[in-house]
Structures are given as structure tokens and as C-alpha cells.
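# Need the 3D shape of this:
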Amino acid sequence: MREDANAIRASHEASEEKEMCDIEARLGTLHERIVNLNSDQSMIWERDPEEASDFLQAVFEVHQLVEELTSSVASRELLCYADNTLQMAMARLEDEFVYLLSQYRQAIEPEHMSFRSSEEELSEDFSSSSFEEDAIQGKSPHENSRSSEEFVIDLIHPNAVFDIKCIAELMISSKYDKECCQAYIDIRKEALEECLSVLRMEKLSIEEVLQLGWFALNSMIKRWNRALKLFIRIYLASERRLCDLVFGDCSESLKQLCFMEITKGSILQFLNLGEAIAIGPLKPEKLFRILDMNEGLADLLTDIESLFPNESGSIIVVECREVLSRLGECVRGTFSEFKNAIESNTSTSGFPGVEFTPHKVCHELHKGTCRLQ
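Numbering: from 1, shown residues only. Modelled structure (predicted):
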């Protein structure tokens, strides 16, 4: 019996030793293949597609071997060799990931987002705004604001999305999720800043906004109203879809974290202007522009809540609601200033920066009150 047990033990040990030798040989072959592919300074994904596929397969097999060695009684030296090979492969894979995200990024064109940005349009004053059109058509601006086409656009060329997704999944499954997410966030934040530039949204502090004259502020608020809607309903909706495509099989919390980190700075940039207007001096000529801001943000609140449904995005939703509340208070205060100015003004001329006469404004004041309610 003892001899049989020894024979079984010896056979088992021999089998394990052969298995380790096979793994070591396989690992050596994979290491050499990765080194050879890595030795060329040009990006693997700009060469033959078969080389990119071969590289991914080699890295995936190393990942599997590391998992197998970690869960076995493998020698520490062999496991260290496998880890070093995987680390080398991941560093290169991250470079390729960044390359694909940058190389296949789709430029944002104003005409593709139906964004009107000519100085002639920006110089339109209140007399040609939606208020007069609403009076004729019997519609509220809130109803009109939902009538524009809502769609998503390809922020990354569709041909590259699959490879980007494969790299992301492999890096995350290999416990390189932090490196993968940070690389993705950095590249997409650059693209988002480019979008804001296309939308002509300047990055100004609250103090800088408060120092602007009415003409500059009037134009900025017009841009803000148009840009915010496009930014939320088109660009951020597209950014969210891209995030879902790239990290589709990963946890929802990881996708939301990436999306949040990419977008929060830009959303807060929009909200800063609303905050600055809300705490600025109450001037009658600002009333209708502030009403536009209040209605525009209120109309987008549902969209923002759907983009940030989880706890990690609650800071954005809360900030939007707070700015909306401050704008509402500002409208009420400015409304009182406007009403007092009308009551004390018996002339037929308009107020500075507003083409409405006092008598014509009376009708609009009642409409504005209804909207706030």
C-alpha cells in the first residue's frame, strides 16, 4: 500500500513538473513574440491588422498564464517572469490604446451640431427672440425647446471602436483598470475641451463674468443657451454612448466613473456662468436673458438626470438644481426691478439693451411670471 501511495505521489509530482515545464516553455515563446512586436517603434495598430491581432492574442495568453500560475503552487521565479512579461505588454497596450483613441477621434463640426454662431445671429436682440414667435404661435418657449432633433454622433470612427473595446477589456481583466481608465479619461477630456471651443464657450471665472459689460454678457448668454442644449443632448449623449461601447461588459460603476471624470469640469463651466448671472447685480435689461437661462436649464434637467443616474453623478444633478434655484430667485428679483422701472418710466422709448418699449413689456411680464410658476 505504501509503495502504491509513493508511486501515485511520484506520478503526480512528475505530472506537475511537466505542466510547469510546458507553461515555462509557452511563456518563453509568448515573451519572445511580444518583445519582437514591441521592438518596432511604429504603432502596432498602424501596421498589418494581423500583427495587432497576434499581439492581442499573445497578451491574452500571458494574462491566462498569470491567472493559472497565481492559483497554483508555481515557483515564485516563474510567476515573477510571467508578471514582468504581462507588465511589459500592458505598457505597450496602453500606448496603443491612446493611439487609437487619438488617431480615430472624429472632429466636431459646428454644422453637424446645427450650431449657429455667426456674429450677425449673436447680435439679434430680444425683439427677434422666441418670445415674439411664441406670442404669435401660442406656444411656450419650453415647448419649442424640445422640438429640435435629438441624436448622437460618432465621436470615434466606428472602424476603431471594436479594437479599442478589446484593449480596454484585456487591460481591465488583467487588473490594469486604473491605467486604462485614466488614459481614456485624459484623451476624452481633450476632445471635450475641443467641443467647447467649437461651441465658443470661454472658460471664465465668476469674477470675470461679473466684470463684463452688458453687450458682451448678452452675447455670451445667447451662446450659453444654444451651446448648453447641444452640449447636453448631442455631445454628452454621444460621449455616454461611446463610454458604454468601450466599457460595455465592465461594471456600471466603472463606466459612470469614467463618464463623470470626463464631463464634470465642462458641465461646471456652464453652470459657473449661470451662477455668476444669478449673483450679479439686478438690472432690468437682463430679465429676459435670465428667463432664457432659467428655462433652458430647467428644460435640460431631465436629460442631465438621465446622464448621471447613479450616486457618483449626484453632485452634477445637485449643482444643476442649485443653480436653477438661484436663477429663479434672480429672475424674481430682476422682475421686481423691471416692474419698478416700468412704473417709473412714462416714455415710449425702450430700456438700455432692450428693444421693447415699457408698454410692450407689460404683456411679456405676465408671461414671464407664468413661466416661473
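
# Grab the most central residue of the protein for me.
Nearest residue to the geometric centre of the chain (Cα atoms, centre = their mean): Thr263, 3.8 Å.

# where in this structure is pLDDT low?
1-19, 73-74, 110-150, 341, 343, 345-373 (pLDDT under 70).

# residue boundaries of the strands in it?
Read by DSSP state E, the chain holds no strands at all.

# mind giving me the domain split of it?
According to automatic domain parsing, the chain comprises the domains 2-95, 110-372.

# re the thing from before, could you measure from the residue nearest to the centre of the chain over to Lys283?
Separation of Thr263 from Lys283 (Cβ to Cβ, to the nearest Å): 32 Å. Backbone N, C-alpha and C define where each C-beta goes, glycine included.

# measure Arg241 to Leu196 for me?
Arg241 is 19 Å from Leu196, by Cβ to Cβ.

# Please read the previous query as pertaining to Ser344.
In terms of Cβ to Cβ, Ser344 sits 42 Å off from Leu196.

# Tell me which of the two has more neighbours.
More neighbours surround Leu196 than the other of Ser344 and Leu196, with 19 against 8 (other Cβ atoms under 10 Å).

# can you count the residues close to the closest residue to the more buried one other than its chain neighbours?
The shortest distance from Leu196 to any non-neighbouring residue, by Cβ to Cβ, 6 or more residues apart in numbering, is to Ser266 (5.9 Å). For Ser266, the count of nearby residues is 20 (other Cβ under 10 Å).

# Next: Ala191.
Around Ala191 there are 20 residues (other Cβ under 10 Å).

# One more: Gln182?
Gln182 has 13 neighbouring residues, counting by other Cβ under 10 Å.

# again, but for Gly274
Neighbour tally, Gly274, other Cβ under 10 Å: 26.

# In contact with the residue lying closest to it once chain neighbours are set aside, which residues?
Spatial nearest neighbour of Gly274, chain neighbours left out: Val323 (4.4 Å); criterion: Cβ to Cβ, 6+ apart. Neighbour list for Val323: Leu271, Gly274, Glu275, Ala278, Leu297 [criterion: Cβ atoms under 8 Å, 6 or more residues apart in numbering].

# returning to what we had before: between the domains of the chain, which one is nearest to Ser102?
With Cβ to Cβ, the closest approach to Ser102 among the domains of the chain belongs to domain 110-372: 6.0 Å.
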